[in-house]
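Visitor: Below is the sequence, then the predicted model.
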Amino acid sequence: MKTHKIAVLSGDGIGPEVVFETVKILKVIEKVFDYNFAFEDALIGAIAIDETGNPLPDNTLQLCKDADAVLFGSIGDPKYDNDPNAKVRPEQGLLKLRKELGLFANIRPIKAYNSLLSRSPLKKSRIEGTDMVIFRELINGIYFGEKFTAEDFSYAYDTCSYSRADIEQIAHLAFQEATKRRKKVTLVDKANVLDTSRLWRKVTTEISKEYPDVELDFLFVDNAAMQLILNPKQFDVILTENMFGDIISDEGSVIGGSIGLLPSASIGLENALFEPIHGSYPQAKGKGIANPMASILSAAMMLRYLGLEEGAKAIEDAVENAINNLIVTSDLDETSDYSTSVVANYVIKILLNEHDHDSYFNFENIMMGKSTII
Ligand SMILES: NC(=O)C1=CN([C@@H]2O[C@H](COP(=O)(O)OP(=O)(O)OC[C@H]3O[C@@H](n4cnc5c(N)ncnc54)[C@H](O)[C@@H]3O)[C@@H](O)[C@H]2O)C=CC1
Ligand SMILES: CC(C)CC(=O)C(=O)O
Ligand SMILES: [Mg+2]
């Protein structure tokens, strides 16, 4: 079996906690399915600034370029968010990494788990059966355009631009995905106001001709934000630009019950990075309350990308088992006092029980860290 090189970028805040649990699970998966992973850690974000002055040190970038996949936690620290004068910011590390690796498509699946329907603030009847995937363009648009702040803070600007080619490559991916699903693509834009959005509509409409089985419809982003929580079942594949996708996917996480559940895959032509959609949740850092499932499910997406389908499915099933048995952190059940590591250990227990009875009895030996097992 090939050795898969995995670059592990834990980052800031809860990133190291959720990634630690995820790597633990991947080490179990490695044993159970006879895979070979070579994990290598590297710095990114605020911790990288603190230690090197650079949010994306050169050796981190090189490691990611050389890896078969990157497992990413989260970046961000209030000391930068609250400082308008900061010359260097943790987020620049992630944006540069995405750009340098050419990760043009951020794929964010959203589904309503039956056993969590009553946990969502949204009405059960509205969200039951929701199953959609957001294709968010990731390396262009307003996050990457020319920006400027006047020294006296009297004005500032950011610019948004898209080329035809930027739109084409992610639109093809979205249509290809739709052909395997319910055959519907919804382009979310603001074409009544923005030139970039009008280009998205034109190019996407042209590309849709190559996929005659797939229905294409359009929604303005303000309406889409409403439809997403009013009638989420109408969506199959949502295709959208960088900032709109960032915003509506956090909104969409309410359907699943928590942002702590939503994984993502950031895909390029030569590289791929797997990341929860949430940020560094600094208020929870070190408390053991962060939901690890978004990171664990991102690892499942990574295994699928690497062609390790059995492992991917095993992780998804084990997470679903944990959810069905309400072995979840307090974001999904306010009465729960299960910690980040207790939830992850339960996932490990299920994996071993289902797939490897012998190892189950050596559970403690397999785990890197010791913590309560349910
Ligand atoms: N991909 C990344 O690394 C991202 C980084 N950020 C950065 O993260 C920092 C915090 O940003 P926020 O806007 O507060 O977003 P956030 O996603 O870190 O947290 C928002 C809220 O979501 C919930 N939450 C997030 N992750 C959770 C988890 N694993 N388990 C349970 N609940 C969870 C919490 O209620 C939290 O208050 C900022 O510095 C921001 O720039 C924000 C988004 C993405
Ligand atoms: C640096 C930000 C653009 C990260 C973020 O919010 C995201 O990718 O969801
Ligand atoms: Mg975001």
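Guide: Happy to help now that I have it. Ligands and ions are numbered 1, 2, ... in the order given.

Visitor: Break the chain down into its structural domains.
Guide: 1-103+269-374, 104-267 (automatic domain parsing).

Visitor: Show me the least confident stretch of those domains, going by mean pLDDT.
Guide: Lowest mean pLDDT of the domains of the chain: domain 1-103+269-374, a mean of 93.

Visitor: how about that one, does it get close to ligand 2?
Guide: Yes. Domain 1-103+269-374 is in contact with ligand 2 by C-beta under 6 Å from any ligand atom, via 91, 94, 95, 277. Quick note: C-beta positions are derived from backbone N, CA and C, even for glycine.

Visitor: Of those, which ones also sit close to ligand 1?
Guide: Restricting these to those within reach of ligand 1 (C-beta under 6 Å from any ligand atom) leaves 91, 94.

Visitor: returning to what we had before: mind putting the domains of the chain in CSV, mean neighbour count included?
Guide: Below are the domains of the chain laid out as CSV (neighbours: other C-beta atoms under 10 Å):
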stretch, mean neighbour count
domain 1-103+269-374, 19
domain 104-267, 18
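
Visitor: center of this structure, which residue is that?
Guide: residue 264 (2.7 Å; C-alpha atoms, centre = their mean).

Visitor: Look up how far ligand 1 lies from that one.
Guide: Per C-beta to the nearest ligand atom, to the nearest Å, residue 264 is found 9 Å from ligand 1.

Visitor: One more: residue 193?
Guide: 25 Å.

Visitor: Kindly report the same for residue 63.
Guide: For residue 63, the distance to ligand 1 equals 18 Å [C-beta to the nearest ligand atom].

Visitor: mind listing the strands for the stretch 201-350 of the chain?
Guide: Here the stretch 201-350 of the chain has its strands, by DSSP state E, counting those that start in this stretch, at 215-220, 237-240, 265-267, 272-274.

Visitor: contact partners of the last one?
Guide: Here strand 272-274 makes contact (C-beta atoms under 8 Å, 6 or more residues apart in numbering) with 64, 69-72, 97-98, 101, 103, 263-266, 298-299, 301-302, 305.

Visitor: Could you list which of those belong to helices?
Guide: 64, 97, 98, 101, 298, 299, 301, 302, 305 (DSSP state H).

Visitor: What is the nearest of the residues you listed to ligand 2?
Guide: Taking C-beta to the nearest ligand atom as the measure, ligand 2 lies nearest residue 98 of the ones in helices among the contacts of strand 272-274, at 8.2 Å.

Visitor: Might you report the residue contacts of the closest one?
Guide: Residue 98 makes contact with 138, 139, 266, 273, according to C-beta under 8 Å, 6+ apart.

Visitor: which one among those residues gets closest to ligand 2?
Guide: When the contacts of residue 98 are compared against ligand 2 (criterion: C-beta to the nearest ligand atom), the nearest one is residue 138, at 7.5 Å.

Visitor: In this structure the closest one contacts residue 103, no?
Guide: Yes. Contact criterion C-beta atoms under 8 Å: residue 138 and residue 103 qualify, at 5.4 Å.

Visitor: shared neighbours of the two, anything?
Guide: Joint contacts of residue 138 and residue 103 (C-beta under 8 Å, 6+ apart) are residue 266.

Visitor: For the residue in the stretch 151-300 of the chain that ligand 2 sits nearest to, which residues are in contact?
Guide: Closest approach between the stretch 151-300 of the chain and ligand 2, counting by C-beta to the nearest ligand atom: residue 246, at 4.6 Å. For residue 246, the contacting residues are 136, 143, by C-beta under 8 Å, 6+ apart.
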